[in-house]
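In: My questions concern the predicted model and sequence given below.
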Amino acid sequence: MNNFENIISTLHANANPNTVKGMEHYGIKVLKAFGVSLPFLRDIAKHYQNDHPLAIQLWDSGFHEARMLATMVDDASQVTEEQMEAWVLDFDSWDICDQCCSNLFDKTPFALKKLMEWTFRDEEYVKRAGFVMMACLAVHSTNLPDTVFEGFLPVIVRESTDPRNFVCKAVNWALRQIGKRDMILYAKALEISRTLANSTDKTARWIGNDAVKELQGTTAIKRMLKKDNLLKDTREK
């Protein structure tokens, strides 16, 4: 068997109907799902790193876990804008959206361009992808300047009234992660969070209140201050 056939065979052999039921309970589409755990998928992915053709095969199979694997084994340097557009339109569950953005899309040369474009789109998972990308970049991309994330904040405010569950949660996630990046962004994100918390719009109020609660939490502040000091030490060296 080739790599693709071997992976699909492994997924079939480890299928778990009970896990599939659990996935459905959490709002995950399970029409073509095996019920295989994320840690198990990550173990498989270790053996097939940076295999772009394999990733395409896995994604095109339509199987839920195969698509998750595709995001883990693909080579970000070979991903095109056309591929990103095709895949984002295939998103049908929040976990596929989040894994793809975190494992792959935020590492492509088109990350900033596509996320801004997607925030203007109407499709729920496409718009979610734009804000998930913001959150992922805030965590993963240590070399991006604060000005990039400051530019995201007006977009967050603009879309803070979208009441759709998977959009508003991603907007909230992006705001919180930007605020935890460093002290400068913390102050800006907290100010916006407080403004949203006083909004007349129900969704914006929820986003703002939740972000204020986390950003003002002791754990978040300590983690952010520690990170900020480490960044300062790195710059000084």
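Out: Alright, I've got the coordinates. Residues are numbered from 1 along each chain as shown.
In: What is the neighbour count of Ala45?
Out: By other CB atoms under 10 Å, 19 other residues sit near Ala45. Heads up, the C-betas are built off the backbone N, CA and C, glycines and all.
In: I misspoke; the intended subject was Thr147.
Out: By other CB under 10 Å, 7 other residues sit near Thr147.
In: For it, which three-state class applies?
Out: With DSSP: H, G, I helix; E, B strand; the rest coil as the basis, Thr147 sits in helix.
In: just Leu69 next, same as before
Out: Leu69 ends up helix, using three-state DSSP.
In: With adjacent residues omitted, what lies nearest to Glu81?
Out: Phe110 (5.2 Å; CB to CB, 6 or more residues apart in numbering).
In: Phi and psi next, for the one you found.
Out: phi -100, psi 10 (degrees, to the nearest 10).
In: pretty sure it is in contact with Met84, am I right?
Out: Yes. With contacts counted by CB atoms under 8 Å, Phe110 reaches Met84, the gap being 6.3 Å.
In: Now do the helices in this protein.
Out: Taking DSSP state H, the helices of the chain run over residues 3-13, 17-25, 38-45, 52-60, 64-73, 81-90, 94-103, 111-119, 124-140, 146-158, 165-179, 183-197, 202-215, 218-236.
In: Mind checking the pLDDT average for stretch 182-194?
Out: Stretch 182-194 shows a mean pLDDT of 95 in the predicted model.
In: residues touching Asp201, list them.
Out: Ser160, Thr161 (CB atoms under 8 Å, 6 or more residues apart in numbering).
In: Now do the phi/psi pair for it.
Out: Here is the backbone geometry of Asp201 (degrees, to the nearest 10): phi -90, psi 130.
In: Rank the helices and strands of this structure by mean pLDDT and give me the bottom one.
Out: One helix or strand of the chain scores below all others by mean pLDDT, DSSP states H and E: helix 218-236, with a mean of 62.
In: I figured Val88 hits Glu124, correct?
Out: No. The criterion here is CB under 8 Å, and Val88 misses it with Glu124 at 11.4 Å.
In: which of these two has more neighbours?
Out: Each of Val88 and Glu124 has its neighbours counted (other CB under 10 Å); Val88 has more, 23 against 17.
In: Identify the residues contacting the more buried one.
Out: Val88 neighbours (CB under 8 Å, 6+ apart): Cys100, Lys114, Trp118, Tyr125, Val126, Ala129.
In: Please tell me how far it sits from Glu159.
Out: Here Val88 is placed at a distance of 16 Å from Glu159 (CB to CB, to the nearest Å).
In: Then Cys100?
Out: In terms of CB to CB, Cys100 sits 20 Å off from Glu159.
In: Fine by me, thanks again.
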